[in-house]
Structures are given as structure tokens and as C-alpha cells.
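In: Please work out how this folds:
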Amino acid sequence: MGSLTFTTSISELKRIGVRRAKVLSENHIQTVQDLLYTFPRRHLDRTSVSQIKLLRKGDHSSIIGSVRSMGEKAIRRGRIFQVFLSDGTGSMTLTWFNGVKYIKNLFKVGDRLAVYGKIDYYNGFSITHPDFDRLSSHDDPVNTGAILPLYPLTQVYKSAGLEQRIFRKIMLDIFENLDEVPELFTQEICEKSGLIPRKDALHEIHFPKNEDSLKDAIYRLKFEEHFFLQLLMAFRKATLKISKATPFLITGPYVKLIEDSLPFELTNAQIKVISEIKDDMKMPQSMNRLLQGDVGSGKTIVAILTIALAVGNKAQAVLMAPTEILAHQHYESIKTILDKINIPCALLIGQMKKSERQKILIGSESGSIPVVIGTHALIQDDVHFNKLGLVIVDEQHRFGVKQRGKLIDKGLNPHFLAMTATPIPRTLSITYHGDMDLSIIDELPKNRKPVVTKVIEPTRLNSVYLFMKDEVSKGRQCMVIYPLVEESEKSDLIAAVEAHKQLNESIFPDCEVGLIHGRMKTEDKDNVMELFSKNKIHILVSTTVIEVGVDIPNATVMLVEHAERFGLTQLHQLRGRVGRGAEKSYCILVKRKVTDTSRDRLSIMERTNDGFIIADEDLKLRGPGEFFGIRQSGFLQFKIANLLTDGSIIRNARDVAFSVAKNDPNLMAPHNRYIRKTFMEDYADRMDFIQIS
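Out: Residues are numbered from 1 along each chain as shown. Got it, this is the predicted structure:
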């Protein structure tokens with residue numbers, strides 16, 4: 001084997017024959033570079049290995065020991081397989097509940113194992129379904145003092161003979177024969193950002209000299225991943241900034257008329273955000289701004305004033321919402337204000353009479369209807385505008401990139417404002433929305449009272465029902481929410497329908513109890529919501545269809561069933577449906593399945609009404625994909641970076657990426673050639689994974 005480069009095929013490496021090359025290739029490892037960027041999932045050294053006699057229940061620990069015995073055991077619901085491990089200071093049990101036939105063939109007495117997992121204690125220390133690796137005698141970090149890389153090798157790798165020891169030898173062979181590694185960053189960037197050279201980082205991530213050199217390698221390699229994603233953002237933002245748009249140079253008469261007619265004072269945060277939007281829209285480039293504000297912070301009035309600014313400059317405006325309920329809600333709120341100043345406004349949704357829809361299509365195309373609010377119906381091919389100058393998208397993470405783009409394409413580079421009531425932690429915001437300017441309303445209107453939140457066991461429900469009856473007797477209203485998740489949608493829907501029947505007939509026989517869920521026809525949903533808004537329905541049983549867009553100031557109690565099944569951010573959104581009036585309001589969370597995790601999660605809801613604190617906790621608990629309610633196989637698949645813990649690295653990488661993009665927009669400078677090559681090969685086609693779909 002001669003000298004190796006990044007592009008050398010793995011088939012040229014010794015220890016990799018046809019079979020191993022096939023397995024590696026099927027796992028997207030085809031070159032030396034691919035192998036070098038297959039990072040260890042963790043490292044073992046003598047300082048991180050625990051002695052069995054010193055283990056503590058609840059800790060996550062690494063143990064190295066020898067297999068003393070093993071065997072199957074019958075239990076009430078099947079069979080388990082157990083391995084008994086000893087390290088000279090004590091013994092422990094490793095237990096597997098599934099795949100007994102497969103697991104029992106993996107071990108033999110005398111095997112030296114490195115195991116990792118959560119320590120439990122029952123007749124001695126134990127780990128259920130531990131993470132484990134087989135070690136050879138000279139690989140033992142306790143005896144050698146070496147820091148041992150452990151790679152993410154599945155059984156598919158192992159079936160081809162690619163065990164940990166062989167994989168490490170392949171890596172050592174590469175480093176012994178590797179030519180110069182192409183450096184991505186200039187010496188100035190490396191010094192300023194505290195980055196060790198790329199070649200050193202790759203060597204130390206696999207075979208670190210010590211803990212400090214491993215930390216330096218991890219920092220450098222995380223920086224790389226964040227840098228390229230931020231570079232993508234920088235190019236998106238630059239592209240949008242050169243999009244010529246019609247500048248809105250005058251405030252126009254409508255903004256002042258609306259401000260003077262408001263029955264409340266705008267908060268300082270709202271005033272600041274409106275000023276930022278005005279400054280953006282004066283420019284001859286398209287505004288591209290994200291407005292972030294907690295539930296009830298007053299984003300709608302900001303949207304109305306932005307619409308008024310556009311109409312005052314003889315442009316049309318559209319607002320797209322993700323659900324018909326939310327579109328209706330926006331329409332009612334916006335129309336009430338626009339009617340006072342004689343600005344025509346229309347609602348365009350999927351379920352409407354053909355004659356009504358035709359009227360709106362004619363009005364939007366001629367320009368006689370300057371403001372249209374709607375759902376996905378707005379992006380249909382037969383919807384045209386005369387002079388679309390402003391696009392507003394609410395809860396924009398619920399729309400795909402192409403959907404938003406299709407609406408924007410109906411104008412000539414219109415100004416774009418996205419709104420969300422989902423507080424997004426800063427690290428997520430600059431990763432997912434890094435191409436947008438950010439405005440935050442971080443102040444609630446003075447009349448908003450914090451909602452009192454309590455977590456209860458089902459045994460306390462009767463006293464809650466009595467409290468709800470008391471609230472209804474005072475002329476107030478309540479909501480009861482049931483979870484609805486895709487995997488069990490049918491059974492959850494049945495649970496909500498049956499609960500409505502029980503509440504209506506047995507618990508609240510003297511109250512009007514309504515039901516709303518996503519499978520109802522639009523007119524039926526509208527009818528229920530209208531009755532609820534007029535207090536003709538006292539208690540509304542609902543699935544999460546009302547998560548956003550329901551504004552009933554008279555509603556003072558929300559009871560959430562099976563609260564442990566909701567994400568914290570979703571619970572916070574739901575809680576925002578009460579407390580919108582002058583009366584003190586309550587959110588009661590019923591936990592049906594009590595675990596340590598659910599107890600900790602729900603206690604966060606009791607402690608704070610701050611959406612940003614809740615969002616941070618939700619992100620830590622669920623990760624970014626679940627945080628936004630999406631599951632995508634290609635969704636920001638980092639090799640080593642971590643959105644939850646890399647805040648300072650992300651900000652540093654962002655500064656460098658935006659500086660590189662500004663100074664060399666086409667990456668044609670000689671010192672950026674490897675950045676250009678990597679970007680074009682690995683990142684340029686990932687545009688849609690950045691914006692959430």
C-alpha cells in the first residue's frame with residue numbers, strides 16, 4: 001500500500017477485501033476521507049472506567065470485565081439472556097429481554113468486554129441492554145493506559161470481520177501512509193477561532209494522546225460541520241438580499257389610523273419590532289424576517305400594521321396559516337380592524353363555495369381585494385395577484401420550503417415575514433432560520449396574567465370537575481384536551497369521542513359540552529367554534545386541533561389529559577389558549593403514566609410560563625426533529641456536532657462563515673478552494689434540510 005490521499009478508494013487498503021469493501025460501501029464509506037470521518041462513538045480510558053464495587057444506582061458508567069458465566073432464564077412473558085461479568089472488584093449482571101437467540105451467540109466465557117449503560121440494582125448491580133464491545137488483551141485501557149476509540153459498528157460490520165480491533169488497525173494503517181490532508185481554513189481563521197490543524201484533529205479524534213488533545217479535535221471537527229451549514233445560510237441570505245423588491249417608502253395613512261383606534265397601548269417590544277419591519281421594507285431588497293413571540297405576545301397586531309403599511313404603498317398582502325381554524329381566527333381579527341379603515345379583506349380556504357371562491361380570485365387578480373388570508377388554498381395555480389408586495393406566513397415551520405416559495409413566486413420578490421409562537425432556542429434559530437433577520441417580542445401585554453399550572457394524578461379529577469362547574473356557573477368556559485398522535489390516531493380519536501360522551505352525560509349534565517377534532521367537516525368545526533365563541537358551548541372537548549388559533553377570552557380552565565404524551569412546547573402552545581381575558585386562568589395537566597422523566601418534564605410547566613425556557617428544556621429532552629414535530633431521515637444528520645450543546649461553537653462558526661461568504665461570494669479565492677470543493681460536494685444539495693418541511 002503506497003501513499004494515501006483523501007480520495008483513495010477503500011478497496012486499495014490492506015485488511016479490506018471484497019466483502020469488507022462491499023459492507024463499507026453500502027454504509028456510504030467509499031474513500032479514505034469517508035473512513036477518517038467515521039468517528040468513534042465514544043472513547044475509553046482508565047479514568048472513565050468504573051470499578052464494579054464503586055458503582056452507584058442511576059449512574060451511566062463504563063465497566064471493563066470478563067465473562068464468568070451466562071445463560072437463558074424463563075420469565076412470565078418470555079425468556080431473557082444474562083451475562084455475569086466480573087472485574088476483580090465485584091460482579092454484575094447484563095440482561096437482554098429481546099433477541100435471545102441472536103444475543104447468546106455473541107459471547108463465550110472468558111471474553112473481555114467493555115460495557116456501558118445505566119446502572120440498576122436488584123440482587124446486585126445490573127445493566128439492561130448494555131452498549132458493549134469485545135476487547136483484546138492488549139486493547140485494555142486499564143492495563144495499557146491508552147485511550148481506546150470505540151466505533152459505531154453494527155452487526156453488519158461485524159459479520160464481515162470488521163470488529164473494533166480490526167477497524168482500529170485499518171485506521172492506524174491509514175495514518176501511517178497518509179499524505180498531507182487538505183486544510184480548509186486559513187492560518188488566520190484557525191488562530192482566531194482556536195482550531196488545531198485538520199490533520200491533527202483527524203488523528204486525535206481516533207487516537208488521542210490525552211484528554212485535552214481529544215477535546216481540541218472534537219472542537220475543530222464540530223466547528224467544521226457548523227461552519228458549512230452556516231455558510232449555506234450565508235449564501236441563502238445573500239441571494240435573498242440581492243432580490244430586487246418594491247421599497248415601501250411611505251408609512252401611508254392606514255398605520256396611524258389603526259394605531260390611534262387601538263383600545264390598548266403597544267408594548268415597547270411591539271414598537272421595536274414594527275420599527276425593524278418598517279426599516280426593512282424601505283429597502284429595495286426583499287425583507288426576509290422571522291417574527292418570534294410567545295403565545296399572547298401580540299404578533300397579530302404587528303402583522304396587521306405590516307399589512308396596512310403594504311396597502312398604504314398600493315401593494316397587496318397575503319397571510320397564509322397552516323390550519324383552517326387559524327386562518328378563520330386571523331381573518332376575523334384582521335377584518336375587524338381593516339373594516340374600520342375601509343380596506344377590503346377576503347378569506348380563501350379549501351372548503352368554500354365555488355361562486356364565493358371565484359369572486360375572491362377575480363378580486364385578487366384585479367387588485368380590488370388588497371388583503372387575502374388563507375391556507376394552502378393560496379398556493380393553488382389559479383390564484384393570481386395584481387401587485388403582491390407582502391407575504392406573511394404564520395407558524396412557518398409547518399410549511400415546506402416549496403410551499404412558501406410557491407406563494408412568494410406569485411409576486412415580484414415580495415417582502416416576506418414569517419411568524420411563530422413556538423419559541424425557538426437561539427442555537428436552533430441560527431441553524432434553521434439563519435438566513436433570516438430575527439425580531440423577538442419578548443414582552444407580554446400588560447393585561448395578560450400568568451396562567452396557573454398544576455400537574456395532578458387522575459384521582460384528583462373529581463375536585464377539578466367541581467372547580468370547572470364553579471367556573472361555568474360564573475359565566476366562564478373550559479376546554480378539555482386529548483392527545484392525538486399519528487401512530488394511534490384512531491384509538492385516540494375514539495378516546496376523545498367517548499370522553500365527550502361521558503363528560504356530557506355523567507359529569508356535566510347541566511352544561512353544554514361540545515366536541516371538535518380534525519376529522520370533522522370544516523363547516524361542522526366552524527359551527528362548534530362559533531358556538532364556543534358565543535358561550536353557547538360551556539365546555540369544549542378537543543384534540544390538539546386547537547393548539548393554535550383559538551382566541552376565547554372567556555375561557556379560564558384548560559384540562560389536558562395524558563399530559564405526559566405531549567411535548568413541552570406543545571403543552572405551552574395549548575396553555576396559551578386560556579388566560580387571554582381579564583380573569584385568572586388555570587391549566588390542569590393530568591399525568592396518567594408516571595415515570596421519572598414525565599414527572600421532571602411536567603414540573604417544568606408548573607415552574608414557568610416563559611416559552612423560551614420551556615423550549616430549551618424541550619429541545620434537550622426531545623432533539624430538534626421531535627421539537628418541531630417532524631421525523632426526517634435526512635434531517636440535519638451531524639456526524640459529531642450537537643445542536644443542544646454547541647451554542648458557542650455555532651456562533652463562532654457563523655461569524656467565520658458569513659465573513660468568508662461576504663469576502664469571497666463565489667469561493668474562487670485560492671485559499672478557499674477546499675472550502676468550495678467540500679461545500680459543492682457535500683452541502684450544496686442540502687438546502688431543503690435547513691428550512692423545516
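In: how many other residues sit next to the residue lying closest to Lys525 once chain neighbours are set aside?
Out: Closest residue in space to Lys525, ignoring its immediate chain neighbours: Ile516 at 5.7 Å, by Cβ to Cβ, 6 or more residues apart in numbering. The C-beta positions use only the backbone N, C-alpha and C, and glycine is treated the same way. Around Ile516 there are 24 other residues, counting by other Cβ atoms under 10 Å.
In: ok, now Ala245?
Out: Around Ala245 there are 23 residues (other Cβ under 10 Å).
In: average pLDDT for the helix or strand Val372 falls within?
Out: Using DSSP states H and E, Val372 maps to strand 371-374. For strand 371-374, mean pLDDT is 96.
In: That strand pairs with which strands?
Out: strand 316-320 (parallel), strand 345-348 (parallel) (DSSP bridges).
In: Pipe the ones you listed into JSON lines and attach mean neighbour count, mean pLDDT and distance to Leu24 per row.
Out: Formatted as JSON lines, the strands paired with strand 371-374 follow (neighbours: other Cβ atoms under 10 Å; pLDDT from 0 to 100; distance: least, Cβ to Cβ, whole Å):
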{"stretch": "strand 316-320", "mean neighbour count": "27", "mean pLDDT": "96", "distance to Leu24": "46"}
{"stretch": "strand 345-348", "mean neighbour count": "21", "mean pLDDT": "96", "distance to Leu24": "53"}
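In: Present these as a markdown table; the columns should include distance to Thr336.
Out: Shown next, in a markdown table, are the strands paired with strand 371-374 (distance: least, Cβ to Cβ, whole Å):
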| stretch | distance to Thr336 |
| --- | --- |
| strand 316-320 | 14 |
| strand 345-348 | 10 |
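In: Not counting the strand holding Val372 itself, show me its contacts.
Out: Residues from elsewhere that reach strand 371-374 (Cβ atoms under 8 Å, 6 or more residues apart in numbering): 307, 311, 316-321, 327, 330-331, 334, 338, 343-349, 360, 364, 378.
In: so what's the nearest residue to Arg42 once chain neighbours are set aside up against?
Out: Of all residues not flanking Arg42 in the chain, Leu150 sits nearest, at 5.4 Å (Cβ to Cβ, 6+ apart). The contact partners of Leu150, taken as Cβ under 8 Å, 6+ apart, are 40-44, 114, 133, 164.
In: of all the strands paired with strand 371-374, which lies closest to Leu54?
Out: Distance to Leu54, taken as Cβ to Cβ, is lowest for strand 316-320 among the strands paired with strand 371-374, at 59.0 Å.
In: mind checking the SS state of the nearest residue to Arg168 once chain neighbours are set aside?
Out: Distances taken as Cβ to Cβ, 6+ apart place Pro149 nearest to Arg168, at 6.5 Å, with adjacent residues excluded. Recorded secondary structure, Pro149: strand (DSSP: H, G, I helix; E, B strand; the rest coil).
In: Who does Pro149 form a beta bridge with?
Out: His43.
In: ok, it - how many residues close by?
Out: 20.
In: Which pLDDT value belongs to it?
Out: 89.
In: what sits against it?
Out: Pro149 neighbours (Cβ under 8 Å, 6+ apart): 40, 43, 168, 171, 205-207.
In: same deal with Thr31?
Out: The contact partners of Thr31, by Cβ under 8 Å, 6+ apart, come to 6-10.
In: looking at these, which has the most residues close by?
Out: Ranked by neighbour count (other Cβ under 10 Å), the contacts of Thr31 have Thr8 at the top, with 20 neighbours.
In: Name the nearest residue to that one, sequence neighbours excluded.
Out: Val32 (4.6 Å).
In: so who does the one you found touch?
Out: So Val32 contacts 4-8, 10, 13, 174, 178 (Cβ under 8 Å, 6+ apart).
In: Between the residues you listed, which sits nearest Ala160?
Out: When the contacts of Val32 are compared against Ala160 (criterion: Cβ to Cβ), the nearest one is Ile10, at 12.3 Å.
In: quick one, strands of the stretch 451-600 of the chain?
Out: Assigned by DSSP state E, counting those that start in this stretch, the strands in the stretch 451-600 of the chain fall at 452-456, 477-481, 513-516, 539-542, 555-560, 586-590.
In: which parts of the first one are buried?
Out: Residues of strand 452-456 classed as buried: 453, 455-456 (neighbour count, 16 or more other Cβ atoms under 10 Å).
In: Run through the residues that contact Ile334.
Out: 300, 303-304, 307, 319, 345, 371, 373.
In: Okay, now the unreliable bits of the stretch 101-250 of the chain?
Out: Applying pLDDT under 70 to the stretch 101-250 of the chain flags the ranges 137-145, 240-242.
In: ok so, going back, what pLDDT does the model give the residue nearest to Lys525?
Out: 87.
In: got any ranges where the stretch 501-650 of the chain has weak pLDDT?
Out: Flagging of the stretch 501-650 of the chain using pLDDT under 70 yields the residue ranges 545-550, 622-637.
In: As a check, name the ranges of all helices in it.
Out: 522-533, 568-575, 596-607, 611-627, 647-663 (DSSP state H, counting those that start in this stretch).
In: May I see those organised as JSON lines, with distance to Lys449 added?
Out: Below are the helices of the stretch 501-650 of the chain laid out as JSON lines (distance: least, Cβ to Cβ, whole Å):
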{"stretch": "helix 522-533", "distance to Lys449": "21"}
{"stretch": "helix 568-575", "distance to Lys449": "13"}
{"stretch": "helix 596-607", "distance to Lys449": "16"}
{"stretch": "helix 611-627", "distance to Lys449": "16"}
{"stretch": "helix 647-663", "distance to Lys449": "32"}
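In: most neighbours per residue, which of those helices?
Out: The highest mean neighbour count among the helices of the stretch 501-650 of the chain, using mean count of other Cβ atoms under 10 Å, belongs to helix 568-575: a mean of 24.
In: and the angle from it to strand 555-560?
Out: 150 degrees (axes from the mean of the first three to the mean of the last three Cα atoms, to 10 degrees).
In: Helix 568-575 - contacts with which helices or strands?
Out: Contacts defined by 3 or more Cβ pairs under 8 Å, 6 or more residues apart in numbering; DSSP states H and E place helix 568-575 against strand 555-560, strand 586-590, helix 596-607, helix 611-627.
In: hmm, try it at 10 Å
Out: strand 452-456, strand 477-481, strand 555-560, strand 586-590, helix 596-607, helix 611-627 (3 or more Cβ pairs under 10 Å, 6 or more residues apart in numbering; DSSP states H and E).
In: Looking at these, which is nearest to Lys57?
Out: Lys57 sits nearest to helix 596-607 of all the helices and strands packed on helix 568-575, at 12.4 Å, using Cβ to Cβ.
In: For that closest one, enumerate the helices and strands it packs against.
Out: Using 3+ Cβ pairs under 10 Å, 6+ apart, helix 596-607 is in contact with strand 452-456, helix 568-575, strand 586-590, helix 611-627.
In: sorry, back to before: which of the contacts of Leu150 sits closest to Ala418?
Out: Arg41 (36.5 Å).
In: Pull the contacting residues for that closest one.
Out: Arg41 makes contact with 116, 131, 133, 149-153, according to Cβ atoms under 10 Å, 6 or more residues apart in numbering.
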